[in-house]
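Engineer: The sequence and its predicted three-dimensional model are supplied below.
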Amino acid sequence: IGSGDWANRREIDWTVRFLEIVAALSLFSLMSITCADVALRYFFNSPLHSATELTRILMAIVVFCGLPVACVREEHITVDLLDSFSPKAVINIRQAVMNLIAAVAMVGIAWRVQALAFRAMEYGDTTEFLRLPVHYVTFFISAMSAITSLALFYNGVRYLFGRGPLSPGPQDTSIKETNL
């Protein structure tokens with residue numbers, strides 16, 4: 001674990017940037033397909049028959065490229081009901097435990113989705129209009145779930161060493177008495 005912020009880690013920064021670019025290009029493609037579908041439907045009464053399939057595939061790419069990025073940066077939605085009652089000395093332990101539990105859960109998800117991808121490949125499942133093999137997207141979802149588990153594990157280890165994104169500074173680690 002380095003002494004700097006996560007962005008100083010070249011490999012992680014490159015991976016995050018790559019996933020952001022893939023998600024952005026997928027989102028742009030999704031927008032373009034939707035606009036073309038609406039325009040063709042409105043002006044020519046002839047929608048894109050594959051728009052629904054492409055929307056599903058592109059949404060999977062956007063969501064599962066964004067998941068590891070949100071997890072490594074800890075930018076996901078949280079509810080901080082207990083933060084005002086928790087002493088700052090417990091933040092690292094709490095965050096480490098939560099990240100490690102989430103990492104184990106994502107390993108389980110990656111494993112099960114991979115089993116579904118192998119089954120789809122074995123059965124030869126394809127999409128309805130474009131006849132694209134379904135297992136490619138399913139393997140992608142499994143791989144991104146595994147990468148998300150690595151990001152969560154990385155954060156959990158960082159918190160164990162007091163270097164997580166939400167870790168208090170050295171001056172904030174003592175349990176201070178509060179007057180209620």
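Structural biologist: That came through fine.

Engineer: From now on I want contacts and neighbour counts done on CA atoms only, so please keep to that.
Structural biologist: OK.

Engineer: show me where this protein has helices.
Structural biologist: 10-44, 51-73, 91-123, 134-160 (DSSP state H).

Engineer: ranking those by burial, who's on top?
Structural biologist: Mean neighbours per residue, mean count of other C-alpha atoms under 10 Å, is largest over those for helix 134-160, with a mean of 22.

Engineer: What average pLDDT does that helix get?
Structural biologist: Average pLDDT, helix 134-160: 96.

Engineer: Give the other helices and strands that that helix contacts.
Structural biologist: Other elements packing on helix 134-160 under the criterion 3 or more C-alpha pairs under 8 Å, 6 or more residues apart in numbering; DSSP states H and E are helix 51-73, helix 91-123.

Engineer: so how far is residue 31 from the residue nearest in space to the middle of the chain?
Structural biologist: The centre of the chain sits closest to residue 67, judged by C-alpha atoms, centre = their mean, with a distance of 0.8 Å. Going from residue 67 to residue 31 by C-alpha to C-alpha, to the nearest Å gives 20 Å.

Engineer: How about residue 146?
Structural biologist: In terms of C-alpha to C-alpha, residue 146 sits 28 Å off from residue 31.

Engineer: ditto for residue 68
Structural biologist: 23 Å.

Engineer: what sits against residue 24?
Structural biologist: Residues near residue 24 by C-alpha atoms under 8 Å, 6 or more residues apart in numbering: residue 62.

Engineer: Quick one: closest of the helices of the chain to residue 167.
Structural biologist: Residue 167 lies closest to helix 91-123 among the helices of the chain, at 5.9 Å (C-alpha to C-alpha).

Engineer: so what secondary structure elements neighbour that closest one?
Structural biologist: Against helix 91-123 (3+ C-alpha pairs under 8 Å, 6+ apart) you get helix 134-160.

Engineer: Between helix 91-123 and the helix it packs on, find me the angle.
Structural biologist: 170 degrees (axes from the mean of the first three to the mean of the last three C-alpha atoms, to 10 degrees).
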